[in-house]
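Asks: Need coordinates for the following:
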Amino acid sequence: MTKQIPIGLCTIFLMTACQGNSHSFPISQKLSPEKVNQIFKTVENNYPHLSSEVRAKILKTVVQSLDNMVFVEGGEFQMGDFGWPYDDDPTDLCDWPCGVDPDRMGNITMFGDDDFVHPVRLSSYYISKFQTTLADFDLFFTAQEKPLFGLEHRNRPDLQHRYRPNIPTSTKSWQEAKDYCGWLGQLSGYPVDLPTEAQWEYAARNRGQHLAFPTDNGSLNYGRNFPHPNERNTFPVDAFLPNPLGLYNLSGNAADWVNDWFGEDYYRHSPIVNPQGPETGTQKARRGANIGESPLLSASTVMRFPSDPVRKYYSPESSFRCAIQYQEPL
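Replies: The predicted structure is shown next:
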């Protein structure tokens, strides 16, 4: 249902337009007109040196990013590699535990740092249904008056697939991803940040269910809810079907940076309530396989990737989605 804008705010909007802003205010599905106007004022105050067109794009991006947030009701789940029968068909997985004693199952992943299943209790939060797009990341760079990455390659016909505006943005460092989410938080007034590892897995498993893959049905149906294994190029963030919470491409496009430092044995001493990862470390955690990896080996809901927080170049293998550490309606 379309929200009705109060007369007072209509007056504000019209006065703003008369003062030189020729762009209409975005209509939000979640935010009140008062909140949109508050964000507008913050953008205007922070970026008076930018053109009205760029400021309008920033406002629209912030509002749309908040509209794209999916509320995830908190709860308790068993985090980690909960195991799977050896001979099940990944294109049509059974309902866990599939009539098999969990002690007789094999591991989902080949690595041991996710093997220790442990209880986790999460507060409610929001997480973006989409990974951050290149277009939105470019706008962030423009707002910070930084040059866009890869400009020397963007007009090359053989590389233009890497610079489409609606694909998940490449990143060079974990800090860039965190700074982008913080930028949305600064402009919106909400506590926007990267999701924690536990939040990512809880959402990928449809609030902690025993799902091996983060798809609409927990199975891999190539071309319907997951890219074909021979696909090598990232694709639009809204491609394929979302998981039951409405989250797209949690695996199989680009891997997501999460907030945590990576700790190989962290699961063995992780706190139960809202774990944040180790206090320090040398590598950051990523979750979800990227486009070039074998889905059967690495696309599961429990797979963890330790990654250097600064890479040598902007890699299409590493992207991110933001979360809001907030339990109330936006």
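Asks: So for the nearest residue to residue 330 once chain neighbours are set aside, what's the pLDDT?
Replies: Counting by C-beta to C-beta, 6 or more residues apart in numbering, residue 330 lies nearest to residue 30, which is 4.8 Å off, once chain neighbours are set aside. No exception for glycine: its C-beta is placed from N, CA and C like everyone else's. Residue 30 is assigned 96 on the pLDDT scale.
Asks: Could you double-check that residue 30 lies in contact with residue 64?
Replies: No: here residue 30 lies out of contact with residue 64, judged by C-beta atoms under 8 Å, at a distance of 10.3 Å.
Asks: Could you identify the helix or strand that succeeds the helix or strand that contains residue 65?
Replies: In this assignment (DSSP states H and E), residue 65 forms part of helix 52-67. Once the chain leaves helix 52-67, the next helix or strand it forms, by DSSP H and E, is strand 69-72.
Asks: To which secondary structure element type does residue 138 belong?
Replies: Put simply, residue 138 is helix when judged by DSSP: H, G, I helix; E, B strand; the rest coil.
Asks: Could you report the pLDDT at it?
Replies: Residue 138 is given a pLDDT of 98.
Asks: Near it, how many residues? Count them for me, please.
Replies: When neighbours are defined as other C-beta atoms under 10 Å, residue 138 has 17 of them.
Asks: wait, isn't it in contact with residue 148?
Replies: Yes: here residue 138 reaches residue 148: they are 5.3 Å apart, a contact under C-beta under 8 Å.
Asks: so how far is stretch 26-44 from its chain's centroid?
Replies: 22 Å (C-alpha atoms, centre = their mean, to the nearest Å).
Asks: Kindly apply the preceding question to stretch 74-93 instead.
Replies: Offset of stretch 74-93 from its chain centre (C-alpha atoms, centre = their mean): 22 Å.
Asks: Could you list the buried residues of that stretch?
Replies: By neighbour count on 16 or more other C-beta atoms under 10 Å, the buried set for stretch 74-93 is 74, 77, 79, 80, 81, 82, 83, 84, 85, 88, 90, 93.
Asks: and what of stretch 260-275?
Replies: The neighbour-count check on stretch 260-275 (16+ other C-beta under 10 Å) flags 260, 261, 262, 263, 266, 267, 270, 275 as buried.
Asks: wait, which of those is closest to residue 112?
Replies: Closest to residue 112 out of the buried residues of stretch 260-275 is residue 267 (10.0 Å), distances taken as C-beta to C-beta.
Asks: Does that closest one belong to a helix, a strand or coil?
Replies: Strictly by three-state DSSP, residue 267 counts as helix.
Asks: would you list every one of the helices in the stretch 51-200 of the chain?
Replies: Taking DSSP state H, counting those that start in this stretch as the criterion, the stretch 51-200 of the chain contains helices spanning 52-67, 134-143, 174-188, 197-204.
Asks: Can you say which of those helices is nearest to residue 125?
Replies: Closest of the helices of the stretch 51-200 of the chain to residue 125 is helix 197-204, at 5.8 Å (criterion: C-beta to C-beta).
Asks: Which other helices and strands does that closest one contact?
Replies: Counting contacts by 3 or more C-beta pairs under 8 Å, 6 or more residues apart in numbering; DSSP states H and E, helix 197-204 is packed against strand 69-72, strand 75-79, strand 118-122, strand 125-128, strand 255-261, strand 284-287.
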